[in-house]
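Asks: sequence and predicted structure below; questions after.
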Amino acid sequence: MVHRITLLASALLVCVGVADGWAQQRTITGRVTNALSGGPVAGATVAIVGTATVAATNDRGEFTVSAPPGGVTLAVRAIGYKRGQASVAAGQSSVNFALEQDVFNLEAIVVSGQATGIERRNAPNAVATVSGVELARVAAPSVEIMLAGRVPGAAIQTNSGAPGGGVQVALRGTTSVFGAATPLYVVDGVIVSDAAIPNNQEVISASNKGSNPSPLQQDQINRVADLNPDDIGDVEILKGASASAIYGSKASNGVVVITTHHGQLGAPRFTVRQRFGVFDLAHELGSRVFKDSNEAVAAFGAAAAAFFRNNSTNPNWGQPNFVPGQAFDHEKELSGGHNLSTETALNVSGGDANTRYYVGGLIKDDEGIELNTGYKRQSLRLNLDQHVSSRFNISFSSDLVHSLGARGLNNNDNNGVSYYMALQFIPSFLDLRQKPDSSWGSTLSPINFIQSNPLQTAALMVNDEDVWRYLGGARATFELYNAERHNLRLIGNGGVDWFGQKNTLYFPPELQFMPVIQPGKPGASLLTNGDNLNTNYNLNLVHTYRPGGLVATTSAGVQEEDYDLNIGRIVSKNLPPGLSNVNAGTDVSVNQRREQVRDFGFYGQEELLLRDERLLLTFGARADRSSNNGDQHHYSWYPKAAASYRLLNPLGGVEEAKLRLAFGQTGNRPSYGQRFTELDATQGIGGLPGLTVPGIAGSPDIKPERQTEIEGGVDAILWGGRGTLELTLYQKSVSDLLLPHTLAPSTGFTSQFLNGGKLRNRGIEVALGYAPLNRPDFQWVSRASFWMNRSRVMELPGGDTTGFRVGGFGCSDGCFFLKPGQSATSIFGNKGLDQSGVCCALGKIGDASPDFKLAWTNEMTHGAWNFSMLWDLQHGANVINLTKLLYDLGQVTQDYANPLTAAQATARGCTGSTVLGQCRLTQYGLYTGTYTERASYLKMREVTLTWSLPPSVVAHLWAGARDVRLSLSGRNLIVITPYTGMDPEVSNFGNQPVQRNIDVAPYPRSRSFWFTISAGF
Amino acid sequence: MTPFLQTIAFLPVRTRHMRKLAYLSLALGAALSCRDPNVPDLNNPSLDDLTTHPTPSKVAAAAQGLLVGARLNIAEYNGYVSELGVFGRESYIFDPGDNRFETELLFGPLDPGGPRFGGNLWVVRFANIRAANNLLAALGNSALIGLSAAEKEATTGFAQTIQALDFLEVINTRDTIGAPIAVDTKLGDPPAPIQPRDSVFNHIVRLLDSADTHLAAGSAAFPFQLSAGFSGFDTPASFRQFNRALKARVQVYRGAIFACATCFTDALTLLTGGATFIDTTPGFSFDVGVYHSFGTGSGDLTNGLYDPTPAKLYAHASLYDSAETQNASILKDRRFLTKTQFVSLRPYGSHSDSLGFIRYASATAPVPIIRNEELILLRAEANRGIGGATNLLDAAKDINFIRVHSGNLAPIANLGTQATDSILRVLLKQKRYSLLFEGGHSWIDHRHYFASGGDLPPTGTLRLFNWPTDKVFLLMPVPLDECLPRTRPSRGCP
C-alpha cells in the first residue's frame, strides 16, 4: 500500500512546475463590510473571476489584489455571507463590497459526488449542513451529540450518560437489522473508522453469560468521538441512498461528510477559548425508604431489624454521625460528583496566496458524575494547503489525538458488580461508606444483599480506555486542462486512519465481590490491545464543460479501502495485592481476533446544469466489490439519478422554489467473517485443544444489503431570503437484508447469515427557517424541523410470516421481533397465556422508533449579547426498563411499597398484591409490557448566553486583541419525560440498527453547566 | 473497468500530454483494482475442511473438541446441573441480573422464547451432536490416511458414546415431548422431525451398542488424548466400561419410564457381569468414574458450580429438613454436611435462603458424568424394578450400603421385605443425597416414578419442596426457534 501511494505521489509530482504566466500589472484595493451592521468582514476571499488570483480581507475588511490590465470581475465570498460580485473597469482601482448575511446557508456548496459539489439552491437532495460554529457552541462529550436536533431525519441518541461518548446516529429510519449500524464518516475526503471495541469488562460482569451473549453490552465508545468539534468547518449529512449512492456499499446508513477548517489568507489569527464546567446528576431513580424495622424484616428477614435498633446490635453503631434508621442516598454517594471540568482550545489560521495553514489544539478534561470516571482528550490538528502552481494544489491534514476514558462499571451484568446492578439490591438503610478504619460498609453480612459495594468498587477499580489515534490525509488537485469551455481536473485523496486502543481494567483482590465471584483466586487484571488501521484513497477525474447555456460536470474515479483490525485480549486472575501487571496472576488466558477487509469501487457521474442554471439533471453509478462478500470478485452496481428545477418568483412572497426528485441505491456490505462456516478453535480442555461447532453458520453466497431510495421535495426561499422551507418525502426500501436466518437448533446451528427479506421506510421531513427580526441592533433567527418515519417489514426470507426474534434478552423480558407488516423496531413481549392456556401469547408491546420528532433552535443577537437555545422533542417510542424490573426484584424501587387497596390491585390485574412493586412483579412474566415505558421527551439540549466585550474595553485590556467573549451555557438543563428510568436515550447493546432502547443499569444522565472565555487576536 | 474507460475516452481531452496523464492515472487505478481481493478466515478453521480434507491431527482435535462440547452448559451457573437442580429442589439460582430464575423457573410458566431457561440445554447439546456427526463423517472419508482401521474404530466408538450422552441430556429435559434424531441434515434442509420419547431412548441404546462394538474392535489406545476426567477410562477397552455404565443408566431410566422389565434386567446384567466399573469390594471408592474436567488454562472453562460465598447458587432448604441424622450422632447425614454449608441469608424476590453448596471444592473440581456411587444405586433400582424377594433383598443391600458408607446413617432393618414403594422412597432419597448437584438426578428420578397429571405430587412424603408458591415443572419446552421453522409453528411443538 505504502509503495503504491509513493508511486501515485510521484506520478502527481511529475506534473508540477508549469509556471504561471500572468503579468501582474495593476492593483485593486477595497473593503468588504457587513451590509446590515456596516462592520468589517475579515477573512473574506476576493478572487478575480477566470484567474487563479485570490486575496483575503484583513481584520478591517480591507483587501488588495493584483489584477491584469483591462476590465475584470471580482467575486467575494465569506463564510456566513451571500457572495458579492462586481465589475471593475480598466481604470478603476478600488471597489467596496457590502455582503448580506446568508443565515440559512443558501449559497453553500453541498457535496454531490466524491469530488464534486453543487450549490444548495440546485441540490436535488435534502442535504443537511451544520456549521462548525453551531456545533461547538456548547461543550459535549462527542461530536455526534452536537448534531442532535440540528438534522431533520436523524435520530441521534446517546447510549448512556457516560463521559466520552457512545452515540447512535440513525438517518431516516431503520436501514438494516443486523448489518452495520453507523453512517460512513468521511473527513476531508478520507474515510475514518467509527469502530467500537468493547473493553472486556464482561469477564467480571458476566454480561455475556446471561440470556444474550452479545459482547456489545460494555458501554463501548464509538471512535468518531475522537474528532475535535472545534476543528470542524462544517458537516454535511447525506441521509440516504439517493444522496449517498456514489459512496457505494458502505453508505446505506448515510454518509457524514466532515470538512475541517483550512487556513485563511492573511496574517495569523489566533483564537483561544477556555471553558470551565460542571456535570450534575440530572435524574435520580431514588430508593425505597423503609419506615421501620418491620418493613425491613418483611422484605429481607429478621437480620434486617438490626439496622434500625439504636444500640450496639446495630452494625453501624458507634460510627460518627450515625442516625438510627437513617436512609442513605447511595445514588448521590456514587453519582453525585461535581468536579470541575475544563476545556482549553487554541487555533491559529493564516497564510499567503501560496501556503495556508490551520492549527487546532484541544485539551479537554470532563469529570464524570460517577466516582472516578471521566474523559480526557488532547488533540492537535495541522492542515496545510499549498499552492504549487496555478494548476496544482495540494493539501495535507494531520490529526493526532489522545484520549483517556474512565467509564466506571455500568450496564448489564450477571455478577451483581456493575454499579446500578448492585444498587438494585441495596436498601437505603445500609451504610456503604468507608469507615474510619478504612473498611467499607458490607453488603454481604449479616444479610447477603449483593456481592458488591458499588462505592468500594468505584473507589478501587480501574477501567481505563487509552487511545492514540492518527488521522492523516492528502488531497491533490491537478488541473490537467483549462480553457474557456473546458476544465479537466485530477483530484486525488488519500489517507490513513490508525488507532491503538488499550483497555486496562484492574479489580484488586481487596474488592468485596472479588472472593465471591472468583472464589479462591481474587484479583483480576484485563488488558486489551486493539489496533485498527484503515487506509484508503480515491482518484477522480472531473471534467467541466461550459459551452454556454449549460454546465456539464463529468466525474469518474476509483476508490480503494483497506481495513485491518487486530484485537488481543489478556485476562489474568488471582493477583497478589497491589500488582496489576497481567503476568502477576496465576490464571491467565489470552485471545486474539483479527479482521481484514479489502474494498474496491469505481464510479462515474454526470451533472448537467441547464436552462440558466435552473434545471439540474444528474445521473451516475458506482460498482463495488468487497472481500467480505461471498463472491469477492463480484461487483455490485449502484445507480443514481436526480433532477431539480428552480422556479423564480412562483408565488407572492416566494422568491424561489425548487422542485427536486432523486433516486439512488447503496449497499451495506456484510461484516467480516459472515461468509465463513467455522469450527471454533479457541477452546480447550485440560490443555488439550479442541474443535467445536460454534452455533452460527456462515454463508458462501453472502452479499451486501441493497437500499433503494426515492426522495422528492420542495425547497423555497421566502420573503426575500428571510425564510426558508424545505419539505421532503422519501421512501427507502432495503432488500437482501443480512439476516441471521434462524435455524432449528437441532441442526447444531442456531442461525445462518443469509440475504433475504425486505423492509421499507417512509417519511416526511419539514425544515423551516425564519428570521423574524433582522435589524442592525437586533437579529433573531429561528429554525424548526419536524420529521417522522414509519418502517415496515415487507417480507422475510422463505415467505416467513411468523417472524423471529432479533434481539433482547428473550421475549418475556421484551424482545425485538421481525414480523411482516410490523415496524422493524417492534418490541414484542408476552401478553398473557395464549388461547389454549399455554405460555404465552406473543404480541407487540411497543416500538423503539418514535412517532415523530420536533426540533426548534433560536438565536438572538442584540448588540453585544447573543442568546441561543436548542429544543428537541421526541414523541412516542418505548424503552424496555429492565433497571426498574431489577429494582423491584431487589424490593428497593422508590415506589415499591406504595400501598394498593384490594380494588386497585384487582383493577391492575394483580389481585392479592398489597404494594405496587409486588403488583408489577407478579404481572411481569405473563405481561412483559409492565416494564415497557414511553420514551417521549422534551429536552432543552443547549442554551448559551454570550456577551462580547465592547471593543474599547478589549483594546484597553490588550491592544492586540480582536474580540473577547464571555458566555454561560448549559446542556440538557431541562428534560421533561414520562420515562421513569434515568434517560429515555439508552442502549444496553450500544449502537444497533434495531436492538436499542433497552435500559439495564446504564451510566446515569447528567446535565452540564459551562462558563467560557474566548479571545481572538 | 470498461464503463470507466469509455467515460474517459469521450472526454474532450485535447493535448497529448494531458491525455497521457489521464490514461496514466487510469492505468494506475486499473492496476490497483487487479489486486487479489481474497481475504481468508484469519481466526478459525473451516468446518468443511474437517470433513473434506481430514487428517489425523484434525481428527484428534475434533475428538477432543467433543469433550469440550459435552462440557458446555453443564456446570455454568445457569447450566444443566443448576437449572435441573432448581426443578428438583436441589438448588436456587439467585442471579442479580435476571429475576427469571425465580419468576420463570419457580413460578412459571416456562417460556419457550427464552434462550437461557432451557433453550441453552437444547442448543449446545445439538451443536455437539453435529460435531460428533462431522467427526464421524471425517472418519468415513477415504481420504483420511494416517489412522489405522482400528484407530478409526476406536474413535468412532468414542464419538458415538459422547453423542449418546448428549442425546440423553436432551431427552432428560424434554421427556415426553421427544426430540429430533436424524439431525445430520444439510443446512437449508427441513429440520429433522421430532420423534417420541421411546424412539429417542431406542436411538441412544443403539448408539451405545454400536459404539461398544466399535470400541471392542478398536486399537489399544485412542489416537487422541482424553481429559483428566477420563483417567482410568482412557483406552478403548476401559472406555467401554464407561459406555456400558451409561447404558445401564439408560436401561434403568427406560425400565422406570416404560415399565420395561427387560430393560431393568439388561441393566442388572450390565451392573453385575463386570462390564462396568461398579465396585463395592473393600477398598472401593464411590468416586471412581468419569468426569467433566475444568481448568484455568487459556481457552479452558472453570466449574461455575463452585460458588462458596455464594454469588448465585444456593441449596434448597428442604435438603436440611429431610436430612436424617447420622448413626449414633446428632449430626445430619454426612452427605448433607459435606455438600452444603450455612451462609448468610440472601433475599431474592419473594425467596430467601441461607444454605450454600460446597459440593465442589474449587473452580477446577471435576463434575461427574457417571460414577461408582450412582452405579450401585442404579443396581438397586434395577433390582427393585425387577422385583421378587431375592432382587428386593439385593436392592435393600445396596441401598443400605450407600446409607452406611456414604451417609454414615444406620442401615434400615428388613428394608428388603418392605413394600416396593417404601423401598423406592428410601432409594430415591439416597439418590437425592448421594448424587446431589451432579446432574439433576433428583428431578429426573422423581419424574420417572411420580409424575402424573402433569405435575409432581404437592404433598405427602414425596413432596419435594417447601415453598408453597413454587411450581415443579416436569419438562422444559422445546425452544421457540426449533418450532418456528417447522410446518406446525405452534409454540411448544410438536
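Replies: Received the coordinates, thanks. Residues are numbered from 1 along each chain as shown, chains lettered A, B, ... in the order given.

Asks: tell me, how many residues neighbour B:Leu146?
Replies: No, residue B:146 isn't Leu; it's Gly. Neighbour count of B:Gly146, defined by other Cβ atoms under 10 Å in any protein chain shown: 11. The C-beta positions use only the backbone N, C-alpha and C, and glycine is treated the same way.

Asks: list the contacts of it.
Replies: Neighbouring residues of B:Gly146 by Cβ atoms under 8 Å, 6 or more residues apart in numbering or on different chains: B:Thr55, B:Pro56.

Asks: quick one: secondary structure of it?
Replies: coil (DSSP: H, G, I helix; E, B strand; the rest coil).

Asks: distance of it from chain A?
Replies: B:Gly146 sits 17 Å away from chain A, going by Cβ to the nearest Cβ, to the nearest Å.

Asks: phi, psi of that residue?
Replies: Main-chain dihedrals, B:Gly146, degrees, to the nearest 10: phi 100, psi -10.

Asks: look up how far B:Pro56 lies from it.
Replies: Per Cβ to Cβ, to the nearest Å, B:Gly146 is found 4 Å from B:Pro56.

Asks: again, but for A:Gly492
Replies: Here A:Gly492 is placed at a distance of 54 Å from B:Pro56 (Cβ to Cβ).

Asks: looking at these two, which is more packed in?
Replies: With neighbours defined as other Cβ under 10 Å, A:Gly492 and B:Pro56 compare such that A:Gly492 has more, 24 against 16.

Asks: what's the closest residue to A:Tyr545 other than its chain neighbours sitting at in phi/psi?
Replies: Of all residues not flanking A:Tyr545 in the chain, A:Ala552 sits nearest, at 4.3 Å (Cβ to Cβ, 6 or more residues apart in numbering or on different chains). Recorded main-chain torsions at A:Ala552 are phi -110, psi 120, according to degrees, to the nearest 10.

Asks: got a list of what the nearest residue to A:Pro899 once chain neighbours are set aside touches?
Replies: In space, and not counting its chain neighbours, A:Pro899 is closest to A:Val915: 6.0 Å by Cβ to Cβ, 6+ apart. Neighbour list for A:Val915: A:Tyr896, A:Ala897, A:Asn898, A:Pro899, A:Leu900 [criterion: Cβ under 8 Å, 6+ apart].

Asks: nearest to chain B among these?
Replies: Closest approach to chain B among the contacts of A:Val915 (Cβ to the nearest Cβ): A:Tyr896, at 12.0 Å.

Asks: just the pLDDT for the closest residue to the closest one other than its chain neighbours.
Replies: When the adjacent residues along the chain are set aside, A:Tyr896 lies closest to A:Gly917, with 3.1 Å between them (Cβ to Cβ, 6+ apart). pLDDT recorded at A:Gly917 is 92.

Asks: who touches stretch A:568-580?
Replies: Applying Cβ under 8 Å, 6+ apart, the external contacts of stretch A:568-580 come out as A:200, A:203, A:462, A:504, A:506, A:508-510, A:518, A:520-530, A:582-592, B:296.

Asks: picking that back up, from A:Leu921, how far off is the residue nearest to A:Pro899?
Replies: Computed as Cβ to Cβ, the A:Val915 to A:Leu921 distance reads 10 Å.

Asks: and for B:Leu480?
Replies: With Cβ to Cβ as the criterion, B:Leu480 and A:Leu921 are 24 Å apart.

Asks: and if you look at A:Thr801?
Replies: For A:Thr801, the distance to A:Leu921 equals 34 Å [Cβ to Cβ].

Asks: so which of the two has more stuff around it?
Replies: Per other Cβ under 10 Å, whichever of A:Thr801 and A:Leu921 has more neighbours is A:Leu921, with 26 against 11.

Asks: surely that one forms part of a strand?
Replies: No - with three-state DSSP as the criterion, A:Leu921 is located in helix rather than a strand.

Asks: wait, what's in contact with the residue lying closest to A:Leu966 once chain neighbours are set aside?
Replies: Here the nearest residue to A:Leu966 in space, its sequence neighbours aside, is A:Trp947; by Cβ to Cβ, 6+ apart that works out to 5.2 Å. Each residue near A:Trp947 by Cβ under 8 Å, 6+ apart is listed here: A:Ala864, A:Trp865, A:Asn866, A:Arg965, A:Leu966, A:Ser967.

Asks: ok, now with 6 Å
Replies: Going by Cβ atoms under 6 Å, 6 or more residues apart in numbering or on different chains, A:Trp947 touches A:Ala864, A:Trp865, A:Leu966.

Asks: list phi and psi for the first one.
Replies: When quoted as degrees, to the nearest 10, the phi and psi of A:Ala864 stand at phi -80, psi 0.

Asks: hang on, it packs against A:Leu949?
Replies: No - counting by Cβ atoms under 6 Å, A:Leu949 is not a contact partner of A:Ala864; they are 7.4 Å apart.

Asks: who's more crowded, the two?
Replies: Between A:Ala864 and A:Leu949, counting by other Cβ under 10 Å, A:Leu949 is the more crowded of the two (18 against 15).

Asks: how many other residues sit next to the residue nearest to that one when sequence neighbours are not counted?
Replies: In space, A:Leu949 comes closest to A:Val964 once its chain neighbours are excluded; the distance is 4.4 Å by Cβ to Cβ, 6+ apart. Using other Cβ under 10 Å, A:Val964 has 20 neighbouring residues.
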